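# Here is a sequence together with a model predicted from it:
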Amino acid sequence: MGGDEARVALICCFNEPDTLKAEILSSTNDKKIAVFGREHLTNLSEEIANWIDQNDEYAK
């Protein structure tokens, strides 16, 4: 699916998801892209919900 409301989330077991996200954002500065790593896995549903809420704030 695509469009203005489309989002991309990478969920992985990487220990440094911010490093990976920075690498991705060097190609595109899109706030609708998120990288969730090992530290996020225990509360993944909450992390994703927060990310979606943040994107909804940007859209308003």
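Alright, I've got the coordinates. Given the structure is predicted, the values throughout are model-derived calculations rather than measurements. Residues are numbered from 1 along each chain as shown.
# where does the protein dip in pLDDT?
Confidence mapping of the chain against pLDDT under 70 gives the ranges 1, 58-60.
# Mind doing that once more with 90?
1-8, 24-33, 52, 54-60 (pLDDT under 90).
# residue ranges of the helices in the protein, please?
With DSSP state H, the ranges of helices along the chain come out as 17-25, 44-59.
# Those: which one's closest to Ala6?
helix 44-59 (10.3 Å; Cβ to Cβ). For the C-beta atoms, the positions are set from N, CA and C on the backbone; glycine is no exception.
# Look up how far Leu25 lies from the residue minimising distance to the centre of the chain.
The structure's the chain has its C-alpha centroid closest to Ala34; by Cα atoms, centre = their mean the separation is 1.3 Å. Applying Cβ to Cβ, to the nearest Å, the value for Ala34 to Leu25 is 10 Å.
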